[in-house]
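Engineer: build the 3D model from these lines:
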Amino acid sequence: MSNYAVEIENVSKLYRLGEVGTGTISHDINRWWKRIRGKEDPYLKLGQDNKREEKGGQYVWALKDVNFNVEKGQVLGIIGKNGAGKSTLLKLLSRVTAPTTGHIKAKGRIASLLEVGTGFHPELTGRENVFLNGAILGMTKQEIRRKFDEIVDFSGVEKYIDTPVKRYSSGMYVRLAFGVAAHLESEILIVDEVLAVGDAEFQAKCLDKMGSVSHGEGRTVLFVSHNMGAVKNLCDSSVLMERGTVKSSGNTSEIIEQYLSGDSDVERFKIWKGNERPGDENVRLNKIQVVDKNGRFDNSITTNDDVTIEIHYDIFKEVKDLRIVANVMSYDGGEVFTTSDFNYQHSNRVRTPGTYVSKFTIPARILTSMKYHISVDIDIPMVQAIVMSQLVSFSVEELIFNELGLTLASRPSGVIHPVYPWSVEKTN
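Structural biologist: Residues are numbered from 1 along each chain as shown. Purely as a prediction, here's the structure:
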């Protein structure tokens, strides 16, 4: 008997764009007739790969021939660009939808958190939704009662537990939803990028909980995230997805390095136009660029250069508490530092419609010689994630140590080189 909690064999998912079903009675009859005769669906051959930049075609393979297994008690990271098929795969695992071809075998009950408020009824209170959501996940009333106090304490919504959840913020929603999914006694926990809605303290709390349910309770966790630091800290193994297929799998550090370094789209600048711009009806991202001290990005950056990161975006409706976040990572996905413009706004934190640029500068001689990646997010803290993990990258070349007459072997270790003033005094 295998020790796998989840087995995914030749799984594919085909969607028809803009339609439900095949779109015509003749197609539906043809598909039904082939099926009862044991033949292959004739429309499976019509699908094209999921390439967002290509236009045309009615059928798209959101997933194509996906194969991998997850061992019991394993925390598996699933990473990839937007549109790679990660969320579709989780929906298949959660039985929200069925695969077009292939088989998925899961041993044990599955608790999933795919989006804010999954399984919640807006008219019911938080207390009622805990019992409702627990029942949906296959738990008995006794199990839910036993865990109820832990769920409420973890989520931090005790004051509002008897208030209808339609009055909750997105942050309160996700706190309670994650609390239910993580504390009830399911064997498999599936978590999508919904944690991006939470603040840093809550995200750390969730990561600690996922680590404890895996290593302490032996439960299996599948974790989708664009936060490479979180994936690296939580997951020993990861799967890299690209255009609906599994590109590679293995050690998390190696997979993250492959994802960040091997992506030809990750350069020192990115420009979007029209409806392709990431965002929503309120905010859309136009451009991200990394420039040197002269405001150029067409020459190399050295350790003697200031590095400026510029994020250009449009605001269409007045918005309050908008935050632009930049997470600077090393070439292997290690987090160097995170910064945002949240505390550098007007006192009322309201941005009116218009075109904006948020930028910050990393001083010269701080960064060591290596490749860096910057992940840019736009959100309203604890309320809404608007743009998630748009990547740019840049490389820094050594200069300062050569000027000082030092060899590279003399270079201090570490990802960054802060300049700390020292004093030397003779005390006696």
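Engineer: show me where the stretch 201-350 of the chain has its helices.
Structural biologist: 228-234, 252-261 (DSSP state H, counting those that start in this stretch).
Engineer: against which helices or strands is the longest one packed?
Structural biologist: So that's helix 252-261. Judged by 3 or more Cβ pairs under 8 Å, 6 or more residues apart in numbering; DSSP states H and E, the packing partners of helix 252-261 are strand 75-79, helix 228-234, strand 237-242, strand 245-251. C-betas here are computed from N, CA, C, even on glycine.
Engineer: partner strands of the third one, parallel or antiparallel?
Structural biologist: This points to strand 237-242. strand 75-79 (parallel), strand 245-251 (antiparallel) (DSSP bridges).
Engineer: list the contacts of that strand.
Structural biologist: Contact with strand 237-242 is made by 68, 74, 76-81, 84-86, 89, 231, 246-252, 255-256, 258-259, as judged by Cβ atoms under 8 Å, 6 or more residues apart in numbering.
Engineer: and with 6 Å instead?
Structural biologist: 68, 76-80, 84-86, 246-249, 252, 255, 259 (Cβ atoms under 6 Å, 6 or more residues apart in numbering).
Engineer: figure out which of the helices of the stretch 201-350 of the chain is closest to Glu318.
Structural biologist: Across the helices of the stretch 201-350 of the chain, the minimum distance to Glu318, taken as Cβ to Cβ, is reached by helix 228-234, at 32.4 Å.
Engineer: output the closest one as CSV, restricted to C-alpha atoms.
Structural biologist: Taking Å, rounded to 0.1, in the frame of the first residue of the first chain, the C-alpha atoms of helix 228-234 are listed here in CSV:
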residue,chain,number,x,y,z
MET,A,228,9.0,32.7,-2.1
GLY,A,229,10.2,33.3,1.5
ALA,A,230,7.1,31.7,2.9
VAL,A,231,7.4,28.7,0.5
LYS,A,232,11.0,28.3,1.3
ASN,A,233,10.5,28.3,5.1
LEU,A,234,7.5,26.0,5.1
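Engineer: okay, and the helix or strand of the protein with the least pLDDT?
Structural biologist: helix 400-403 (a mean of 48; mean pLDDT, DSSP states H and E).
Engineer: circling back to that earlier point, now render the helices and strands packed on helix 252-261 as JSON lines, adding distance to Tyr420.
Structural biologist: Putting those into JSON lines (distance: least, Cβ to Cβ, whole Å) gives the following:
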{"stretch": "strand 75-79", "distance to Tyr420": "35"}
{"stretch": "helix 228-234", "distance to Tyr420": "25"}
{"stretch": "strand 237-242", "distance to Tyr420": "36"}
{"stretch": "strand 245-251", "distance to Tyr420": "35"}
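Engineer: need the winner for burial among those.
Structural biologist: strand 75-79 (a mean of 25; mean count of other Cβ atoms under 10 Å).
Engineer: which outside residues touch the next helix-or-strand element following it?
Structural biologist: Per DSSP states H and E, strand 75-79 leads on to helix 86-93 as the next helix or strand towards the C-terminus. Identification of contacts with helix 86-93 by Cβ under 6 Å, 6+ apart yields 13, 62-63, 78, 80, 97, 99, 114, 190, 192, 224, 241.
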